[in-house]
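1. sequence and computational prediction follow.
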Amino acid sequence: MTYRELDVVKTKDGREGTILLIYGDPVEAYEIEYAGGKGDTHTIPVDDVEELVRRMPCGT
């Protein structure tokens, strides 16, 4: 599946987060902010994303 910036996704460890940045072409990693976090972001590999939870209509 192709994910976009501002999509809310579930990672393999069960957490949900929002994709803030997409790295690479083809995509190699995402910068994600986990739900309930305090603004901390984490870079995760593409393989760590398990599923789309919610697609934001304004995502690119």
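-> Structure received. Numbers count the residues shown, from 1 in each chain.
2. and the residue nearest the centre of the chain, how far from residue 2?
-> Nearest to the mean C-alpha position of the chain, counting by Cα atoms, centre = their mean, stands residue 19 at 3.2 Å. For residue 19, the distance to residue 2 (Cβ to Cβ, to the nearest Å) stands at 11 Å. Where you see a C-beta, it was placed from the backbone N, CA and C, and this is true even at glycine.
3. pretty sure residue 3 sits in a strand.
-> No - the assignment for residue 3 (DSSP: H, G, I helix; E, B strand; the rest coil) gives coil, which keeps it out of a strand.
4. the closest residue to it other than its chain neighbours sits in which helix or strand?
-> Excluding the flanking residues, the one nearest residue 3 by Cβ to Cβ, 6 or more residues apart in numbering is residue 19, at 5.8 Å. Per DSSP states H and E, residue 19 falls inside strand 16-23.
5. off-centre distance for the next helix or strand after that strand?
-> Counting by DSSP H and E, the next helix or strand C-terminal to strand 16-23 is strand 29-34. Distance, stretch centre to chain centre, for strand 29-34: 5 Å (Cα atoms, centre = their mean, to the nearest Å).
6. mean confidence for strand 29-34?
-> For strand 29-34, the mean pLDDT works out to 97.
7. for that strand, packing partners?
-> Counting contacts by 3 or more Cβ pairs under 8 Å, 6 or more residues apart in numbering; DSSP states H and E, strand 29-34 packs against strand 8-11, strand 16-23, strand 42-45.
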